[in-house]
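A.B. asks: Just a sequence and a predicted model for now, questions to come.
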Amino acid sequence: MSQLVPPHNSEQVKPLLLLETERAEERKRAEKFRKIPLDSRTVSDVFMLAMGAYTPLDGFMGHDDWRGSCLHMKLTSGVFWPIPITLSVNKDLADSLYAEEKVTLINAETSEILAVMEIHEKYSIDKQLEAEHVYRTVDPKHPGVAKVLHQGDVNLAGPIMVLTEGEYPAKYPDLYIRPAQSRAMFLERGWSNVAAFQTRNPMHRSHEHLVKIAVEVSDGVFIHQVLGKLKAGNIPADVRTRAIQAMIDNYFRPGTVIQAGYPIEMRYAGPREALLHALIRQNFGCSHLIVGRDHAGVGDYYGPFDAHHIFDQLWPGALHTKPLKIDITFYCRKCYGMATAKTCPHDPQHHISISGTEQRE
């Protein structure tokens with residue numbers, strides 16, 4: 001009988017989405033509370049909490065957990081957590097709120113009611129500290145750092161009850177798979193050794209090669225694409241989905257690959273985000289995360305294998321999901337096929353690099 005990795009520091013996945021039978025009544029109450037508008041990244045975090053992808057969190061982090069996550073990649077409980085999950089507001093709004101007050105979290109762009117939060121803590125944040133430790137840079141041109149620098153100066157902490165998953169279930173009915181669902185799918189197929197492949201772009205030959213390497217050493221591969229907000233110029237999710245499915249249908253054996261999507265918004269935090277992606281995939285039931293060149297990076301802020309090396313810094317028991325580290329891939333004219341720097345003996349002049357950026361252009 002197959003056995004999956006356990007959820008992160010929990011016996012079971014902990015989705016924060018209320019049962020459908022409870023939502024209508026709670027929504028009526030939410031209408032009466034003060035409204036807190038959320039930016040797109042925080043909205044995506046609400047949806048991640050809703051589906052249980054951020055298990056074992058029960059809401060947004062307090063000061064000590066925020067600081068511990070930034071500095072040491074762990075919460076006050078000792079639980080591994082590489083990137084803080086927080087809700088920021090401006091100081092004037094924060095000053096008007098009181099402890100134990102219930103507030104309604106809404107999407108700033110659509111005014112949709114998302115969740116109810118009970119405020120347990122308000123605290124000022126050191127944005128430079130967060131940027132320096134999580135993103136390894138304070139450069140405001142880095143998209144993740146820019147988000148941190150432009151967010152409010154005060155974080156609100158407390159548990160949340162989520163009332164909706166937004167448009168995702170209706171817009172992507174076959175793609176939007178929650179952790180409890182993926183775990184059931186893996187068990188139904190008899191998979192226990194499952195490798196996840198993170199993507200925010202259509203997949204080219206190098207990506208195909210990475211996944212095929214993983215298929216060789218696992219029971220199956222979970223191609224897991226980002227459905228949340230991306231940088232300008234990225235390919236829309238519906239186009240990307242069709243392209244990936246065409247690749248699966250035509251170039252992989254049936255029953256070896258599952259395609260799914262999830263609502264996270266990229267932070268482009270490179271090595272730290274690779275760790276968060278592994279933690280999330282543990283909650284989805286994956287034993288491994290494929291980590292290739294410059295995972296979750298942007299521009300030239302990170303080295304090509306920084307995301308490989310950061311896994312070596314983890315303490316025993318921090319994560320159950322392990323990295324499947326794969327070298328740079330390319331087409332070799334001498335090998336007459338795809339290869340990696342680890343397998344190909346030929347000089348670089350025989351190599352053709354495949355660029356996702358050029359593909360998008």
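C.D. replies: Looks like it came in fine. Quick caveat: nothing in here was measured; it's all calculated off a predicted structure.
A.B. asks: quick one: the helices in the stretch 151-300 of the chain?
C.D. replies: Assigned by DSSP state H, counting those that start in this stretch, the stretch 151-300 of the chain shows helices spanning 168-171, 179-189, 205-217, 237-251, 271-284.
A.B. asks: The stretch 201-350 of the chain: strands as residue ranges?
C.D. replies: 220-226, 257-262, 288-291, 322-325, 329-332, 337-340 (DSSP state E, counting those that start in this stretch).
A.B. asks: related to what we said a few turns ago, among the helices of the stretch 151-300 of the chain, show me which one is buried the most.
C.D. replies: Highest mean neighbour count of the helices of the stretch 151-300 of the chain: helix 271-284, a mean of 26 (counted as mean count of other CB atoms under 10 Å). Backbone N, C-alpha and C define where each C-beta goes, glycine included.
A.B. asks: Report the mean confidence score over that helix.
C.D. replies: For helix 271-284, mean pLDDT is 98.
A.B. asks: For G78, give me phi and psi.
C.D. replies: G78 adopts backbone torsions of phi 90, psi -10, taken as degrees, to the nearest 10.
A.B. asks: And for it, the neighbour number?
C.D. replies: G78 is flanked by 12 other residues according to other CB atoms under 10 Å.
A.B. asks: Tell me how far it lies from M48.
C.D. replies: Counting by CB to CB, to the nearest Å, the gap from G78 to M48 is 22 Å.
A.B. asks: Over to S182?
C.D. replies: Remark: distance between S182 and M48 (CB to CB) = 14 Å.
A.B. asks: cool, T256 as well?
C.D. replies: Relative to M48, and taking CB to CB, T256 is found at 27 Å.
A.B. asks: Tell me which of the two has more neighbours.
C.D. replies: The residue with more neighbours, out of T256 and M48, is M48; 23 against 18, by other CB under 10 Å.
A.B. asks: which residues touch the more buried one?
C.D. replies: By CB atoms under 8 Å, 6 or more residues apart in numbering, M48 lies in contact with 54, 262-264, 280.
A.B. asks: Reformat the strands of the stretch 201-350 of the chain as CSV; add mean neighbour count.
C.D. replies: Listed next are the strands of the stretch 201-350 of the chain as CSV, based on neighbours: other CB atoms under 10 Å:
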stretch, mean neighbour count
strand 220-226, 24
strand 257-262, 22
strand 288-291, 26
strand 322-325, 19
strand 329-332, 21
strand 337-340, 18
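A.B. asks: JSON lines please, covering those and showing distance to Q349.
C.D. replies: Listed next are the strands of the stretch 201-350 of the chain as JSON lines, based on distance: least, CB to CB, whole Å:
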{"stretch": "strand 220-226", "distance to Q349": "32"}
{"stretch": "strand 257-262", "distance to Q349": "34"}
{"stretch": "strand 288-291", "distance to Q349": "28"}
{"stretch": "strand 322-325", "distance to Q349": "26"}
{"stretch": "strand 329-332", "distance to Q349": "10"}
{"stretch": "strand 337-340", "distance to Q349": "14"}
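A.B. asks: Show me what the helix or strand harbouring R27 is packed up against.
C.D. replies: Counting by DSSP states H and E, the element that carries R27 is helix 20-30. Counting contacts by 3 or more CB pairs under 8 Å, 6 or more residues apart in numbering; DSSP states H and E, helix 20-30 packs against strand 113-118.
A.B. asks: what's the domain layout of this structure?
C.D. replies: 20-165, 170-360 (automatic domain parsing).
A.B. asks: Could you tell me the least trusted of those domains?
C.D. replies: For those, mean pLDDT drops lowest on domain 170-360, to a mean of 91.
A.B. asks: Strands of the stretch 1-150 of the chain, residue ranges please.
C.D. replies: Along the stretch 1-150 of the chain, counting by DSSP E, counting those that start in this stretch, strands occupy 34-38, 59-60, 87-89, 102-107, 113-118, 121-124.
A.B. asks: With respect to G68, which of these lies nearest?
C.D. replies: Counting by CB to CB, G68 lies closest to strand 121-124 out of the strands of the stretch 1-150 of the chain; the figure is 13.1 Å.
A.B. asks: I'd like the distance between Y98 and A157.
C.D. replies: From Y98 over to A157 (counting by CB to CB), the distance is 14 Å.
A.B. asks: More neighbours: these two, which one.
C.D. replies: More crowded of Y98 and A157, by other CB under 10 Å: A157, with 21 against 8.
A.B. asks: mind checking how far the more buried one is from T86?
C.D. replies: Where T86 is concerned, A157 sits at a distance of 8 Å (CB to CB).
A.B. asks: what residues do those two have in common as contacts?
C.D. replies: Listed contacts common to A157 and T86 are 60-61, 66; contacts here mean CB under 8 Å, 6+ apart.
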